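S.K.: turn this into a model:
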Amino acid sequence: MGPLGVEIVTVVQPYAARKPYQCPGCSHTIPVGVGHLVVVPEEAPDLRRHWHRGCWFKELRGRPRS
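M.R.: Below you'll find the model as predicted:
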């Protein structure tokens, strides 16, 4: 659980990745055709972000356990 409550994580398969996004974990671009994760805070859906898989799991490891 993140600072904004429960986060819904969705996998984007490479064939469905049709736009480039900037990963908030590393600030690099996730190019078209690269699988990644979409993370949506349940309490703030407007803060949806696209993450590299590795960056998201690194983010989770750095969070305190509840």
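
S.K.: can you give me the helices for the chain?
M.R.: Assigned by DSSP state H, the helices in the chain fall at 53-61.

S.K.: pLDDT score assigned to the closest residue to residue 6 other than its chain neighbours?
M.R.: Once flanking residues are discounted, residue 6 sits nearest to residue 42: 4.4 Å by Cβ to Cβ, 6 or more residues apart in numbering. No exception for glycine: its C-beta is placed from N, CA and C like everyone else's. Residue 42 carries a pLDDT value of 93.

S.K.: so what's residue 42 up against?
M.R.: 4, 5, 6, 7, 8 (Cβ atoms under 8 Å, 6 or more residues apart in numbering).

S.K.: of those, buried ones?
M.R.: By neighbour count, with 16 or more other Cβ atoms under 10 Å, the contacts of residue 42 hold residue 7 as buried.

S.K.: now render the contacts of residue 42 as TSV, adding pLDDT.
M.R.: Below are those laid out as TSV (pLDDT from 0 to 100):
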residue	pLDDT
4	68
5	78
6	92
7	95
8	97
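
S.K.: tell me which two of the contacts of residue 42 sit farthest apart.
M.R.: Greatest spatial distance in these: 4 and 8, 11.2 Å, computed using Cβ to Cβ.

S.K.: was I right to think residue 9 contacts residue 48?
M.R.: No. Counting by Cβ atoms under 8 Å, residue 48 is not a contact partner of residue 9; they are 10.9 Å apart.

S.K.: show me where pLDDT drops low in this structure?
M.R.: Judged by pLDDT under 70, the chain has its weakly predicted residues at 3-4, 66.

S.K.: what bridges to residue 22?
M.R.: Beta-bridge pairing for residue 22 (DSSP bridges): residue 29.

S.K.: do you know how far residue 20 is from residue 65?
M.R.: Note on residue 20: its distance to residue 65, by Cβ to Cβ, to the nearest Å, is 33 Å.

S.K.: lovely, talk soon.
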